[in-house]
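Chemist: Pasting a predicted model and its sequence here:
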Amino acid sequence: MKLASWTVQGLIVLVTAAVFVLTAIAAQNALLKQTGYQHRSALEKQLLLYSEQAFYYSFYTDVANAATWQDAYFALSTDNRTEHPDTINSLSRFNVWPEAITAVAYRSVAHTVSMPPQDFYNAVLVLLAGLQWAGLCYLIASCTRNPAAGVLGLLLCGLLVKTATRLPSQPALRENWAMPWFWWHTAALCQLVQPTGRAQQQFATAVYLVTGVCMICSWQFTPFLLLLQLVAVFGGYVCNSLLLRSLHTYLKVSGLLLLLGTLAMGFNSMVYASLWACSLATTAAVVSLLPSDRVLAHNIAQGFIIAVGALASKALATLWFTDDVHVANLLRAKLFGFEDLLTALYLCDGTYSGTTWAELTAMGTIPWIGAGATALVTLVVLVVSYDYLLAKPHVAILPLLVFQALLLSLLGLAVRRLSILLVPSLSMVICLCFQAELWTFLLALPRQWSFLLGWRDEAAVLFKLSKPLQVCLQLLAVAALAAVLQSTQFQITLSELKSSDVDPNSVNRDPATASLMRFLKRRVPTNEPILADGVISSTIRLVTKNPIIIHPQVETQAMRLRYHRFFQLYGSATEEQAAAIVRGFGARYVILSEGPCRLRCGPEKHSLMYYVSLPNEVGANSSYGASSVQTCLYVKQHSNNLAYFTAIYDQGPFLVLKLR
């Protein structure tokens, strides 16, 4: 039996390693093919990174291209180019640790490896993509003890690869740095809450902490993912598949993760004052003061107390820490129709809107099969006694995994940007159905009920079905693999990933932005701050290196108020008032884009000026309100007859003004 166990573990490791290599190659081909990367100039490669991608990548270039290591350090720790005229510590303000570490690695090998900085950056992202899918494969294979099931989960994601990953089209998004660690983090969690040996527990704890810190440092949304994980773990505890000591172990290790994450992020309040942190503290207090007696109703009551306590403590914390109030505003907008400027900007392009029915049906059968698999595993959890669950640790973690998958899937449906969580989560649940013990329980329900009535000698009979079922399910997983490989949809996906070739004439380019950047590099001194919207400001920080005033990361109240003030430019009634706003930011150069002028948001398609006129978060209305004359359009029409500005660039959608 021990030999067989080691054989299965060896196969799982080999399959995971093969998945890592193959998916990294596929990710590299997809990145090159979808972007036409090899057919672009250096500037065009930089312009592939849009908005927050350009913003975060600019920190990588700051470190990678710095003259000395000291300059590289001060570029991040005393950053005066990002929120002019303020000086900030970017390592604690933003999730730029991935860029900092990657840039340090590049500087360390640049003298031996002949590779441009952006190519090295992309290579790291490609390796992380391989790590992500290898982690999902390992999680499924180790939980089902079926390597074929792990590969099947990966192939199901491959059927919907454009929904399952953002890497090819948007490589520098934060989730591409965080998700590679998530599935390994979940695998470590499964090991952590199972009764195992001391050495295994210590190893699982180390992996859980390392991957957790990597996630926290990579993505500001990580605390919310960890909150859903906490809910899933507590769900396993409620249905008695996890013992109280397992919950205590999880809470202790998660508390240590919270501490390490807070330190790594320089005491960023989005970590230590998050709803996850409040929920951890509340859960630890409740389960200590009101220990479980394994009564379902009592466990549910504990959960209700924890939910109320966590929300109350978070509401109290918001009186002092408002960095993540925009997340609550998004929820208020979806549930209660709340309106303000920043919420409108988040929801206007649909990125943070829900997944539509058309998008869901376009995913084919995977969501529906996944829903059926979730119902099946949930049935096992409901009808099987906790004694049976605890007797088989591989089954005991099923509730945890299913609850987490269900929560992540609902999140992916509610927020389109997070739809990358939907397909992998449902694919995992589908593959969990290849676990032998699950079918053993379902096929032996009569014996199970006899066990519940006290005939405990039947327990051994129940588990005798596991071994033949395991063999049958392994064969079934192989058959499912063959079916997916032969499917037309997978063949199309595979043909796209086999090659990185692309027709140079088919590459989409952005000549308007490229022309603007070349003009700014020629005509505007590098030390001059430039006032522009968050999208253009990110590109300016990357390409021209000028100090910027606005950027896409609006977690702080100060930046949200800057946004509100800046967009008054697009609603000011007079040129004099527009000049006063620009002077108030300490800038002489301002870029106006046509995009915000024409933007229409919300169900009633209000202009941006409507949202500017609404009260902001400190309760003040716009100084000028929503005017009938939008400054950017007015100025473009009268750019040769201005009293306070000189129009120095007017091409395409961009107008560059300089204060007289």
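Modeler: Perfect, I can see it now.

Chemist: Against Leu136, how distant is Ser254?
Modeler: 22 Å (CB to CB, to the nearest Å). All C-beta spots, glycine's among them, are computed from the backbone N, C-alpha and C.

Chemist: So if I had to pick from those two, which one is more boxed in?
Modeler: Taking neighbours as other CB atoms under 10 Å, Ser254 and Leu136 compare with Leu136 leading, 29 against 25.

Chemist: Which residue lies nearest the spatial centre of this protein?
Modeler: Centroid check for the chain by CA atoms, centre = their mean gives Glu175 as the closest residue, at 3.5 Å.

Chemist: How is that residue assigned, secondary-structure-wise?
Modeler: Following DSSP: H, G, I helix; E, B strand; the rest coil, we place Glu175 in the helix state.

Chemist: Just the buried positions in the helix or strand hosting Asn122, please.
Modeler: Asn122 belongs to helix 117-144 when elements are defined using DSSP states H and E. Across helix 117-144, burial judged by 16 or more other CB atoms under 10 Å covers 117-118, 120-126, 128-144.

Chemist: Please apply the same query to stretch 94-105.
Modeler: 94-100, 102-103.

Chemist: Between these, which sits nearest Leu659?
Modeler: Lowest distance from Leu659 to these (CB to CB) belongs to Phe94, with 29.4 Å.

Chemist: wait, that closest one sits on Glu52?
Modeler: No - under the criterion of CB atoms under 8 Å, Phe94 makes no contact with Glu52, lying 9.7 Å away.

Chemist: any residues in contact with both of the two?
Modeler: Gln553 (CB atoms under 8 Å, 6 or more residues apart in numbering).

Chemist: Could you find the closest non-adjacent residue to Ala187?
Modeler: Leu139 (4.4 Å; CB to CB, 6 or more residues apart in numbering).

Chemist: what about the helices in the stretch 101-250 of the chain?
Modeler: 117-144, 147-159, 161-164, 174-192, 198-218, 222-238, 244-264 (DSSP state H, counting those that start in this stretch).

Chemist: Of those, which is nearest Arg523?
Modeler: helix 117-144 (25.3 Å).

Chemist: any idea of the mean pLDDT for that closest one?
Modeler: On average, the pLDDT along helix 117-144 is 91.

Chemist: Packing partners of it?
Modeler: helix 2-35, helix 52-64, helix 97-109, helix 147-159, helix 174-192, helix 422-432 (3 or more CB pairs under 8 Å, 6 or more residues apart in numbering; DSSP states H and E).

Chemist: For Gly158, grab the count of nearby residues.
Modeler: Gly158: 22 neighbours (other CB under 10 Å).

Chemist: Just confirm it contacts Thr493, I think it does.
Modeler: Yes - Gly158 lies in contact with Thr493 (CB under 8 Å); the separation is 5.5 Å.

Chemist: CA-only coordinates of stretch 353-361 in PDB, if you can.
Modeler: Once non-C-alpha atoms are left out, stretch 353-361 reads as follows in PDB (Å, rounded to 0.1, in the frame of the first residue of the first chain):
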ATOM      1  CA  SER A 353     -20.200  44.900 -14.000                       C
ATOM      2  CA  GLY A 354     -21.600  41.400 -13.800                       C
ATOM      3  CA  THR A 355     -21.100  38.600 -16.400                       C
ATOM      4  CA  THR A 356     -23.900  38.800 -18.900                       C
ATOM      5  CA  TRP A 357     -26.100  35.800 -19.900                       C
ATOM      6  CA  ALA A 358     -24.600  35.900 -23.400                       C
ATOM      7  CA  GLU A 359     -21.100  35.600 -22.000                       C
ATOM      8  CA  LEU A 360     -22.100  32.800 -19.700                       C
ATOM      9  CA  THR A 361     -23.800  30.800 -22.500                       C
END
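
Chemist: Just the mean pLDDT for it, thanks.
Modeler: According to the model, stretch 353-361 has a mean pLDDT of 81.

Chemist: give me the number of residues near Leu290?
Modeler: So Leu290, with other CB under 10 Å, has 14 neighbours.

Chemist: Please apply the same query to Leu11.
Modeler: 16.

Chemist: Tell me the spacing between it and Ala141.
Modeler: From Leu11 to Ala141 the distance is 8 Å (CB to CB).

Chemist: so what sits against both of these two?
Modeler: Joint contacts of Leu11 and Ala141 (CB under 8 Å, 6+ apart) are Pro147.

Chemist: Now for Asn146: which residues touch it?
Modeler: By CB under 8 Å, 6+ apart, the contact set of Asn146 is 431, 434-435, 470, 473-474, 477.

Chemist: Isn't Leu408 up against Leu422?
Modeler: Yes - Leu408 lies in contact with Leu422 (CB under 8 Å); the separation is 7.3 Å.

Chemist: so where's this protein uncertain?
Modeler: The model of the chain has pLDDT under 70 over residues 1-6, 381-395, 440-467, 469-470, 486, 488-492, 494-509, 571-573, 615-640.

Chemist: shouldn't Gly652 be in contact with Ser515?
Modeler: Yes - using CB under 8 Å, Gly652 makes contact with Ser515 at a distance of 7.2 Å.

Chemist: could you pull out the helices for the stretch 301-450 of the chain?
Modeler: 325-336, 341-348, 357-362, 366-383, 386-391, 393-396, 398-414, 422-432, 436-443, 445-452.

Chemist: can I get those in TSV with distance to Leu316?
Modeler: TSV is the format used below for those (distance: least, CB to CB, whole Å):
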stretch	distance to Leu316
helix 325-336	14
helix 341-348	23
helix 357-362	38
helix 366-383	35
helix 386-391	36
helix 393-396	36
helix 398-414	25
helix 422-432	32
helix 436-443	43
helix 445-452	45
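
Chemist: Reformat those as a markdown table; add mean neighbour count.
Modeler: Below are those laid out as a markdown table (neighbours: other CB atoms under 10 Å):
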| stretch | mean neighbour count |
| --- | --- |
| helix 325-336 | 15 |
| helix 341-348 | 20 |
| helix 357-362 | 10 |
| helix 366-383 | 17 |
| helix 386-391 | 18 |
| helix 393-396 | 21 |
| helix 398-414 | 22 |
| helix 422-432 | 27 |
| helix 436-443 | 22 |
| helix 445-452 | 15 |
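
Chemist: Quick check: which of the ones you listed is nearest to Tyr611?
Modeler: Of all the helices of the stretch 301-450 of the chain, helix 341-348 comes closest under CB to CB, at 4.3 Å.

Chemist: tilt between the closest one and helix 325-336?
Modeler: Angle of helix 341-348 versus helix 325-336, following axes from the mean of the first three to the mean of the last three CA atoms, to 10 degrees, is 70 degrees.

Chemist: could you say what helices and strands helix 341-348 packs with?
Modeler: helix 325-336, helix 557-566, strand 600-601, helix 608-612.
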